[in-house]
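*Asks:* Below: sequence and its predicted model.
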Amino acid sequence: MNKERLLFIVNPISGNTQKESFPDFVKSILDTQRFDYKIIYTEGPGHALELSRQAVADKYDIVVAVGGDGTINEVARCLVNTDSKLGIIPSGSGNGLARHLNIPLSLEGALKLINTGLSSKIDTAIINDKEVFISIAGVGFDALVAKLFARDSGRGFFTYFKIVAARFQYYRPKSYELILENGEHLKTRAFFIAFANSSQFGYNTTIAPQAELNDGLLDVCIVQKPNIFEMPLIINLLLLKMIHKSRYVQVLKTSDLIIKRKKNRVINLDGEPIKLKKNLHIKVNPLSLNVIIPRADEEKKLRTTRLFHQS
């Protein structure tokens with residue numbers, strides 16, 4: 001039997017975990033009867049993108065992103081609409097996509113999951129026919145936090161919290177115009193707007209509790225700025241997966257969205273800041289990415305929807 005070819009793309013500085021012992025873990029846990037594998041460490045922003053693109057050209061069967069949501073984005077965008085499968089070993093700060101997919105957060109658990117090779121197709125989304133996101137993109141305060149987090153030398157939840165606490169009181173909501181696929185037209189001032197393909201930012205802070213990765217839709221979460229004294233309640237609703245019931249949140253579902261802004265500003269793209277033109281056109285690319293997920297989740301999804309397919 002021919003072995004499957006597998007490439008690990010490792011971000012050595014993501015999150016708070018050290019990656020020096022990663023090759024030893026792979027050697028002891030990965031099923032080498034099934035896989036021939038290679039490990040490459042990234043050397044800076046954009047390098048994972050280059051490595052993933054080359055992996056597709058070299059016809060690797062599985063490309064594994066070892067890092068956070070930003071690393072996953074760089075790796076996954078090159079696998080969209082290909083036969084290559086995405087594996088995820090979460091080692092970032094928030095690990096939002098991994099948490100949504102119930103991928104083990106431990107290195108051992110995630111590697112054992114890779115051994116199963118069981119994958120399902122999920123949606124991805126694209127902005128202005130160029131910038132792909134897998135989990136969540138956003139504008140407003142969300143994007144500001146992503147920009148400041150990228151500049152900060154710290155990592156982890158405390159750094160996020162520090163930035164939010166320092167900037168929350170002084171941030172002014174911005175004006176947006178939204179046009180949905182069904183023709184619905186909305187003008188609003190919002191604290192931030194999240195375009196959610198999956199349910200959460202990370203750290204189990206769930207902004208779109210009803211978002212599904214295989215429904216062909218984005219949950220567009222329009223969030224108004226709450227009173228600072230209500231923030232403990234808002235945080236609880238995020239953690240309890242009930243934020244959509246808040247009076248400060250409106251959720252719209254669409255597969256195609258145009259959002260108009262007053263200025264060119266930074267957006268949050270799977271946790272990474274990127275500056276784009278003021279007008280954004282966001283489209284869902286249905287069932288366009290093969291992702292390795294837990295068997296129990298595959299079986300559950302197959303019972304509830306026929307949009308998922310084993311590959």
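*Replies:* It's in.
*Asks:* Which strand in the chain has the most residues?
*Replies:* strand 279-292 (DSSP state E).
*Asks:* Contact partners for Gly117?
*Replies:* Glu4, Arg34, Ile62, Lys85, Ile292 (Cβ atoms under 8 Å, 6 or more residues apart in numbering). The C-beta positions use only the backbone N, C-alpha and C, and glycine is treated the same way.
*Asks:* do that again at 10 Å, thanks
*Replies:* Contacts for Gly117 (Cβ atoms under 10 Å, 6 or more residues apart in numbering) come out as Glu4, Leu6, Asp31, Arg34, Phe35, Asp61, Ile62, Lys85, Gly87, Ile292, Ser311.
*Asks:* Any chance of a markdown table for the residues you listed, columns distance to Ala110?
*Replies:* Output for these, formatted as a markdown table (distance: Cβ to Cβ, whole Å):
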| residue | distance to Ala110 |
| --- | --- |
| Glu4 | 17 |
| Leu6 | 13 |
| Asp31 | 14 |
| Arg34 | 16 |
| Phe35 | 15 |
| Asp61 | 18 |
| Ile62 | 13 |
| Lys85 | 14 |
| Gly87 | 8 |
| Ile292 | 9 |
| Ser311 | 19 |
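*Asks:* who wins for neighbours among these?
*Replies:* For these, the largest number of neighbours (other Cβ atoms under 10 Å) sits with Gly87, at 27 neighbours.
*Asks:* Wasn't that one part of a helix?
*Replies:* No - under DSSP: H, G, I helix; E, B strand; the rest coil, Gly87 falls outside any helix and is assigned strand.
*Asks:* quick revisit: sort out for me which of the contacts of Gly117 are in strands.
*Replies:* Counting by DSSP E, the contacts of Gly117 contribute Glu4, Leu6, Phe35, Ile62, Lys85, Gly87, Ile292 to strands.
*Asks:* quick one on the thing from earlier: pull out the buried positions in the longest strand of the chain.
*Replies:* Leu280, Ile282, Lys283, Val284, Asn285, Pro286, Leu287, Ser288, Leu289, Asn290, Val291, Ile292 (16 or more other Cβ atoms under 10 Å).
*Asks:* What's the separation between the residue minimising distance to the centre of the chain and Ser52?
*Replies:* Closest to where the C-alpha atoms of the chain average out (Cα atoms, centre = their mean) is Ser135, at 3.0 Å. Distance, Ser135 to Ser52, by Cβ to Cβ, to the nearest Å: 16 Å.
*Asks:* Report the rounded mean pLDDT for stretch 55-64.
*Replies:* Mean pLDDT, stretch 55-64: 97.
*Asks:* Which parts of this structure belong to which domain?
*Replies:* Following automatic domain parsing, the chain resolves into domains at 4-117, 131-285.
*Asks:* now for those domains, which one comes closest to Asp123?
*Replies:* Set against Asp123 and scored by Cβ to Cβ, the domains of the chain come closest in domain 131-285, at 5.4 Å.
*Asks:* end-to-end on that closest one?
*Replies:* Using Cα to Cα, to the nearest Å, one end of domain 131-285 lies 12 Å from the other.
*Asks:* Done for today, thanks.
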